[in-house]
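Novice: Could you work out the structure for the sequence below:
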Amino acid sequence: MPDLEPDTVSALEAPEFAPAQFVRWFRDVAPYVHAFRGKTFVVAFGGELVQAGALNTLVQDLSLLSSLGIRLVLVHGSRPQVNEQLRLKGFTQQFDRGLAPTDAAALECAKEAAGEIRLDIEAAFSQGLPNTPMSHAHIRVISGNFVTARPTGVLDGVDYKHTGQVRKIDIDALKFAIEKGSSVVLLSPLGFSPTGDAFNLAMEDLATSVAVALRAEKLIFLSSSQGVLNDDGTLDTELARVDADALLAGGELDEETHAFLQYASLAVKRGVARAHLLPFALDGSVLLEIFTHDGVGTMVVEDTLDDLRAATIDDVGAILSLIEPLEADGTLVPRPRSVIERDVENFTVLEHDGVIYGCAALHTFADEQMAEMACLIVHPEWQGSGEGEILLRHMESRARATGAKRLFVLTTRTSHWFIKRGFVQGGVTDLPREKQNNYNRSRNSMVFIKKL
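Specialist: Numbering: from 1, shown residues only. A predicted model of the protein is given here:
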C-alpha cells in the first residue's frame, strides 16, 4: 500500500485509535449532552486569549456546543489590545485589572480594540473548513446594543469619566436571539446610556451581569491562570461559595485568580447554577470541563455544603429510614441500629429544612491507603438534581484528607452509576486485607475502585 499523506490517513487507520474506547467515551458524555441541551452558557474571556492565539480552537469548541443545542452568549475583553492602541498612539495610560478612569482618547482606543476583536470572532465562526469541527457549521453571530450602561461617576474624588457599569440588560432581545434565532450572541465590553454616550465596561462585570440576568446554567471564565490551587499545589476542582469567599478574604490568591473568583462567587450568589474558572492554555478546556466528571478547572457552586454535614447520634433514626427500603429489596446488606449508632461518626448526611434526604459513610484502611464508601443513598423524591454527585465528591475529599489514594465501593445494582464517575471494576483481591476477610461471598458484590 503506498504511503498516504498525513491529512488523508483516516482515524480508523491511526495506530492510537481504539474503537472501544471511543464508543465508551461517547456513551459516557451522552448524559451531559441531554442535561445541557437548551441550557444557556455565558462564556467570557479576556483579550489575552486572543493575544495568545487561542481564539480559533475556542470557537471550534463553542461551535460544537452550539450544535449540541447549548445556547451561548460570549463576552470578550480587550485590555491588552486597548493598551497596545494607547501605546501606538503615544499615550502613557495603561489599563490594569481594577477600576481606572477612561478619558476620551482611551475610549476611542477601547472602541477600536473591541471592533477588531469582534470582527475576528465573527470571522472565526464563519469558517467552514473540512475536517474541522467547523465543517458544515452555519452559526450566526449577533452583536448589538443589548447593554445599557451608566457612568461610574466620581469616587473618592476621582472622576472615572467614560468608565461605566452595567445598568440594564435587554433580556427579551437576548433570549429571542439565542432561543428563537438560534444564534450565538457576542457582547463587547462597551455599553451605551440612553443619551447615546458610550462607556468602557469590565468584561468580568458584564459577563456576570448577563449570566445573572439570563439565569444561566453556567458562567465560564477562561483565563491564563490554572484555577484555584490547594496548599499542596493540586487543583481544587469544586468550591462551595462560602469557601470561595473565605479564600478571597484570605488575600493569598494571585491577582487574576482573585478577580475571576470574585465574580464567579458573585454570580453563584445571585442565582447562576455553576461558575467555572478554566485555563485557556489547555486545549479543549471548555469541553473537558463540561463533559468529564472531574473537569479541568475550578467550579464554584452555591453553598451546598451548608446542607452537607457530619452525622450525629440524633440522625440515626433518619439514616435508618433511608437505609431500610434498600435493605428490604436486597440492594444493601442489613445493618442493625446498633451498628449505625456505633459507626455514626463515619456518616455524612444531606439535610434541607431539617429533613435528612441523603447519606453516605466512609471507612478508612490506613495501612493500604484505601477507603470504602458505603451507604450512598439519596431519597427517591430528591434524586435527579446532582445530590449523589455532591455526596460522592465530598466523600472523595474526605478520603483524600485521610491520606487514601484509592476509594472503593461494593455494589450489586448500581455499577453503571459508579463507572460513569470514574470507578473501575476490580476484584476481591484488590480490597484491603481486613475487608477481604469480611467479604460476604453470598452477596457476590462487585468491587469498583477509583484512584484519588
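Novice: Helices of the stretch 201-350 of the chain, start to end?
Specialist: Assigned by DSSP state H, counting those that start in this stretch, the stretch 201-350 of the chain shows helices spanning 203-214, 241-250, 255-269, 285-291, 316-328, 337-343.
Novice: From the chain's centroid, how far away is the second one?
Specialist: Average the C-alpha atoms of helix 241-250, do the same for its chain, and the two points are 17 Å apart (C-alpha atoms, centre = their mean, to the nearest Å).
Novice: ditto for the first one
Specialist: For helix 203-214, the distance from its own C-alpha centre to the chain's C-alpha centre is 16 Å (C-alpha atoms, centre = their mean).
Novice: Likewise for the fourth one?
Specialist: For helix 285-291, the distance from its own C-alpha centre to the chain's C-alpha centre is 8 Å (C-alpha atoms, centre = their mean).
Novice: Likewise for the last one?
Specialist: On the basis of C-alpha atoms, centre = their mean, helix 337-343 is displaced by 38 Å from the centre of the chain it belongs to.
Novice: what do you get for the fifth one?
Specialist: For helix 316-328, the separation from the chain centroid amounts to 33 Å (computed by C-alpha atoms, centre = their mean).
Novice: residue contacts, the closest residue in space to Gln369 that isn't next to it in sequence?
Specialist: Spatial nearest neighbour of Gln369, chain neighbours left out: Lys405 (4.5 Å); criterion: C-beta to C-beta, 6 or more residues apart in numbering. For glycine as for every other residue, the C-beta is placed from the backbone atoms N, C-alpha and C. By C-beta atoms under 8 Å, 6 or more residues apart in numbering, the contact list for Lys405 reads 369-370, 451-452.
Novice: Distance of Lys405 relative to Ile449?
Specialist: 10 Å (C-beta to C-beta, to the nearest Å).
Novice: Same check on Phe41?
Specialist: To Ile449, Phe41 is 33 Å away according to C-beta to C-beta.
Novice: Looking at these two, which has the bigger crowd around it?
Specialist: Shown here are Phe41 and Ile449; by other C-beta atoms under 10 Å, Phe41 has more neighbours (25 against 18).
Novice: and the host helix or strand of that one, average pLDDT?
Specialist: In this structure, Phe41 is located in strand 40-45 according to DSSP states H and E. For strand 40-45, mean pLDDT is 96.
Novice: Partner strands of that strand, with direction?
Specialist: Using DSSP bridges, strand 40-45 pairs in its sheet with strand 71-76 (parallel), strand 218-223 (parallel).
Novice: Kindly export the longest strand along the chain (C-alpha atoms) in PDB.
Specialist: The strand that spans the most residues within the chain, counting by DSSP state E, is strand 355-365. Provided in PDB are the C-alpha atoms of strand 355-365 (Å, rounded to 0.1, in the frame of the first residue of the first chain):
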ATOM      1  CA  VAL A 355     -35.100  16.900  56.600                       C
ATOM      2  CA  ILE A 356     -32.300  14.400  56.000                       C
ATOM      3  CA  TYR A 357     -32.600  13.200  52.500                       C
ATOM      4  CA  GLY A 358     -29.200  11.600  51.800                       C
ATOM      5  CA  CYS A 359     -26.300   9.900  53.500                       C
ATOM      6  CA  ALA A 360     -23.000   8.200  52.900                       C
ATOM      7  CA  ALA A 361     -20.400   6.500  55.100                       C
ATOM      8  CA  LEU A 362     -16.600   6.400  54.800                       C
ATOM      9  CA  HIS A 363     -14.500   3.600  56.300                       C
ATOM     10  CA  THR A 364     -10.700   4.000  56.100                       C
ATOM     11  CA  PHE A 365      -7.900   1.400  55.800                       C
END
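Novice: can you give me how far stretch 47-67 is from the chain middle?
Specialist: 17 Å.
Novice: Can you pull out the residues in contact with that stretch?
Specialist: By C-beta under 8 Å, 6+ apart, stretch 47-67 touches 41, 43, 45, 72, 74, 76-82, 113, 117, 120-121, 124-125, 127, 132-134, 137, 139, 184, 222-224, 280-281, 283-284, 286-287, 290.
Novice: Flag every buried residue along it.
Specialist: By 16 or more other C-beta atoms under 10 Å, the buried positions in stretch 47-67 come out as 47-51, 54-55, 57-66.
Novice: Rebuild the helices of the stretch 201-350 of the chain as TSV, extending it with distance to Leu174, mean pLDDT and mean neighbour count.
Specialist: Converted to TSV, those look like this (distance: least, C-beta to C-beta, whole Å; pLDDT from 0 to 100; neighbours: other C-beta atoms under 10 Å):
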stretch	distance to Leu174	mean pLDDT	mean neighbour count
helix 203-214	6	95	25
helix 241-250	25	92	16
helix 255-269	16	94	22
helix 285-291	21	91	21
helix 316-328	43	92	15
helix 337-343	51	94	13
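Novice: okay, those in a markdown table with distance to Val158 next?
Specialist: Below are the helices of the stretch 201-350 of the chain laid out as a markdown table (distance: least, C-beta to C-beta, whole Å):
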| stretch | distance to Val158 |
| --- | --- |
| helix 203-214 | 18 |
| helix 241-250 | 24 |
| helix 255-269 | 20 |
| helix 285-291 | 37 |
| helix 316-328 | 56 |
| helix 337-343 | 61 |
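Novice: Phe36: which of the ones you listed is closest?
Specialist: Nearest to Phe36 among those is helix 285-291 (7.0 Å), distances taken as C-beta to C-beta.
Novice: Can you give me the domain boundaries for this protein?
Specialist: According to automatic domain parsing, the chain comprises the domains 17-304, 307-451.
Novice: coming back round to it: if we take the contacts of Lys405, which one ends up nearest to Gly250?
Specialist: Set against Gly250, the nearest of the contacts of Lys405 by C-beta to C-beta is Leu452 (25.4 Å).
Novice: roughly how far apart are the closest one and Trp25?
Specialist: For Leu452, the distance to Trp25 - C-beta to C-beta - is 22 Å.
Novice: Same question for Lys450.
Specialist: Distance of Lys450 to Trp25, computed by C-beta to C-beta: 17 Å.
Novice: Between those two, point out the one with more neighbours.
Specialist: Using other C-beta under 10 Å as the criterion, Lys450 and Trp25 rank with Lys450 on top: 20 against 13.
Novice: low-scoring pLDDT stretches of the stretch 1-150 of the chain, where are they?
Specialist: Counting by pLDDT under 70, the stretch 1-150 of the chain shows low-confidence ranges at 1-17, 128-135, 137.
Novice: how about the spatially closest residue to Gln262 that is not a sequence neighbour, what does it touch?
Specialist: Counting by C-beta to C-beta, 6+ apart, Gln262 lies nearest to Leu248, which is 5.7 Å off, once chain neighbours are set aside. By C-beta under 8 Å, 6+ apart, the contact list for Leu248 reads 258, 261-262, 265.
Novice: Just put the residues you listed in a markdown table and tack on distance to Pro334.
Specialist: As requested, those are exported to a markdown table (distance: C-beta to C-beta, whole Å):
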| residue | distance to Pro334 |
| --- | --- |
| His258 | 51 |
| Leu261 | 46 |
| Gln262 | 50 |
| Ser265 | 44 |
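Novice: The biggest helix by length in the chain packs against which elements?
Specialist: Ordering each helix of the chain by length in residues (DSSP state H) puts helix 104-125 first. On a contact count with 3 or more C-beta pairs under 8 Å, 6 or more residues apart in numbering; DSSP states H and E, helix 104-125 meets helix 47-51, helix 55-67, strand 71-76, helix 79-88, strand 141-142, strand 184-187, strand 190-192, strand 198-200.
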